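S.K.: Sequence and predicted structure below; questions after.
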Amino acid sequence: MRPERQKGEVSADLGLGGLFKGIGTFVDLISKMAEADTEEFTQTGKSEALGGKLQGVYGFSMRVGLGGKPVIEQFGNIRETGRGPEVTETREPLVDVLDEGDRVVVIAELPGIDEKDIRLRVEGDILEIAAASRDRKYLKEILLPAFVQPETLESSYRNGILEIKMAKK
């Protein structure tokens with residue numbers, strides 16, 4: 001039995017063997033988003049390996065960016081390699097980067113982590129977010145839309161959501 005969909009919710013059948021199996025699936029997804037009058041779509045899933053000792057989390061978020069251009073962000077700990085999908089210990093968090101004129105704001109989802117376990121490093125226009133708890137590890141290197149002043153970095157963390165603000169150079 002399939003659950004009822006809410007207005008603005010879109011569904012797509014995207015398997016682990018490739019999030020988009022051809023351009024046709026991508027175009028179909030964009031069409032479904034337009035029909036549902038939504039600007040964002042997220043798909044997630046889980047997979048277990050080694051008798052449940054290693055759990056894979058994967059997903060993507062797609063939204064309509066400036067000029068109607070789609071922005072696709074992948075997250076999780078399953079990476080596509082030449083040998084096929086591989087599960088790693090480190091997850092890649094879902095991240096949004098906002099250019100707010102004189103500053104850059106980064107919002108990252110890091111569920112299951114305590115604030116004391118988060119490390120941030122800024123170098124030029126690259127931000128690295130690293131976090132580790134007993135059960136989860138996250139790592140993401142983000143190319144920022146501009147060079148920032150590392151000394152202006154301000155962050156807050158609440159309910160698994162990390163918000164980082166930095167002034168541009």
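M.R.: Sure, I can see it. Numbers count the residues shown, from 1 in each chain.
S.K.: mind listing what Asp99 touches?
M.R.: Residues near Asp99 by Cβ atoms under 8 Å, 6 or more residues apart in numbering: Pro145, Ala146. C-beta: built from backbone N, CA, C; applies to glycine.
S.K.: Which residues does it form beta bridges with?
M.R.: Val104 (DSSP bridges).
S.K.: quick one: it from Lys165, how far?
M.R.: Distance, Asp99 to Lys165, using Cβ to Cβ, to the nearest Å: 12 Å.
S.K.: Next: Ile118.
M.R.: Distance from Ile118 to Lys165, counting by Cβ to Cβ: 15 Å.
S.K.: Okay, domains of the chain per the record?
M.R.: As assigned by automatic domain parsing, the chain contains the domains 1-88, 93-169.
S.K.: least reliable of the ones you listed going by mean pLDDT?
M.R.: Mean pLDDT values for those show the minimum at domain 1-88, a mean of 60.
S.K.: got a list of what Phe147 touches?
M.R.: Phe147 sits in contact with Gly124, Asp125, Lys168, Lys169, where contact means Cβ under 8 Å, 6+ apart.
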